[in-house]
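Trainee: Let's see this in three dimensions:
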Amino acid sequence: MSILTYYFARFALLSLVLGADRQQPILNDECSHPAYTVHIVATSPLVIYISDFLTNAEREHLLEVTKGTFSNSAVADSSGAQGLQQTRTSKSTSVAPDSVVDCIVSRALSFQSPSLHPSHVEPLQLVAYSQNQSYHFHTDWFTNPSLASPSHGGNRISSFFVYVDVAPGTTGGGTNFPVLNAPHGEEWCKTVDCDAQWEDGLTFRPVSGNAIFWMNMVDEGGEMVGDERTLHAGLPVTSGSKVGMNIWTREGSLGSEYRGV
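Mentor: Numbers count the residues shown, from 1 in each chain. Sure, this is the predicted structure:
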């Protein structure tokens with residue numbers, strides 16, 4: 001078992017013990033982290049819902065620094081080539097590093113493991129969905145070895161999808177995991193679509209500032225492989241709009257050319 005997998009396993013066990021206890025703010029010379037709340041949705045694969053992962057000031061900053069930079073989202077095909085596909089109709093942009101972005105990255109890293117280095121994290125990506133836009137079922141981990149090479153830092157071991165901005169009155173636009181079971185209980189209905197049919201799996205409602213975290217890979221006999229159960233989709237926005245953010249962590253360090261430094 002790799003050191004990264006070990007720390008993730010310890011985190012999962014600790015979370016099970018703590019349940020939904022509120023995390024306390026972490027302060028350092030560069031940034032302060034908000035008090036967020038974690039709820040374990042599933043343990044296999046590990047899926048965690050995080051309330052208040054971003055502050056309002058961070059959300060506003062991300063929208064401001066990326067204004068006017070969005071373009072049609074690309075998808076990697078089976079050969080690894082990036083191109084436009086009808087399966088992904090959103091617009092997206094990379095977020096340039098600055099003190100606020102670095103603070104968010106440090107939060108994502110410390111959430112996972114104290115041993116993780118920032119070089120494991122891809123440049124943050126914002127994705128904007130307007131009415132009728134969506135992203136069809138896909139996994140964040142790559143099936144093409146060329147996109148998971150050592151220079152790429154291996155495969156994407158984990159994902160955060162963070163709701164940066166959801167316009168008032170927005171309908172649709174949930175994040176659906178068709179293979180996972182939705183949790184039961186009215187207390188979940190603010191963040192989970194309790195009206196969805198059970199056979200449709202688990203759908204998270206888009207809520208500004210909140211995030212979903214999940215593990216993309218599973219240890220099979222000492223080898224980390226992509227977990228098919230993490231198949232998910234960005235459902236069509238039926239009215240309004242939303243902006244989300246992808247934070248992807250690789251198994252190892254990305255080469256500088258892929259980190260934009």
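Trainee: can you pull out the helices in the stretch 51-200 of the chain?
Mentor: 56-65, 99-112 (DSSP state H, counting those that start in this stretch).
Trainee: what stretches of the chain score poorly on pLDDT?
Mentor: 1-30, 76-85, 260-261 (pLDDT under 70).
Trainee: Report the beta-bridge partner residues of the residue nearest the centre of it.
Mentor: The residue lying closest to the centre of the chain (Cα atoms, centre = their mean) is F160, at 1.9 Å. For F160, the beta-bridge partners under DSSP bridges are F213, I247.
Trainee: Now do the same contact list for V162.
Mentor: 53-54, 210-211, 244-247 (Cβ atoms under 8 Å, 6 or more residues apart in numbering). From N, CA and C alone the C-beta is placed, and that goes for glycine too.
Trainee: do A42 as well
Mentor: By Cβ under 8 Å, 6+ apart, the residues touching A42 are 180-181, 202.
Trainee: so can I have TSV of these showing distance to D227 and neighbour count?
Mentor: Below are the contacts of A42 laid out as TSV (distance: Cβ to Cβ, whole Å; neighbours: other Cβ atoms under 10 Å):
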residue	distance to D227	neighbour count
L180	11	20
N181	15	11
L202	15	24
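Trainee: Need the winner for burial among the helices of the stretch 51-200 of the chain.
Mentor: Sort the helices of the stretch 51-200 of the chain by mean neighbour count, taking mean count of other Cβ atoms under 10 Å, and helix 99-112 sits at the top with a mean of 18.
Trainee: Run the angle between that helix and helix 56-65 for me.
Mentor: Angle, helix 99-112 to helix 56-65, by axes from the mean of the first three to the mean of the last three Cα atoms, to 10 degrees: 130 degrees.
Trainee: and A196, how many neighbours does it have?
Mentor: Here the number of neighbours of A196 (other Cβ atoms under 10 Å) works out to 15.
Trainee: And for it, nearest residue in space, chain neighbours not counted?
Mentor: T203 (5.0 Å; Cβ to Cβ, 6 or more residues apart in numbering).
Trainee: if I've got this straight, the one you found is in a strand?
Mentor: Yes - judged by DSSP: H, G, I helix; E, B strand; the rest coil, T203 forms part of a strand.
Trainee: mind listing what it touches?
Mentor: By Cβ under 8 Å, 6+ apart, the neighbours of T203 are 174-177, 182, 192-193, 196, 235.
Trainee: and stretch 60-70, how far from the chain's centre?
Mentor: Distance of stretch 60-70 from its chain centroid, counting by Cα atoms, centre = their mean, to the nearest Å, is 19 Å.
Trainee: Which residues does it contact?
Mentor: Counting by Cβ under 8 Å, 6+ apart, 54, 91-93, 95-96, 98, 100-101, 126, 128, 164-165, 243, 245 sit against stretch 60-70.
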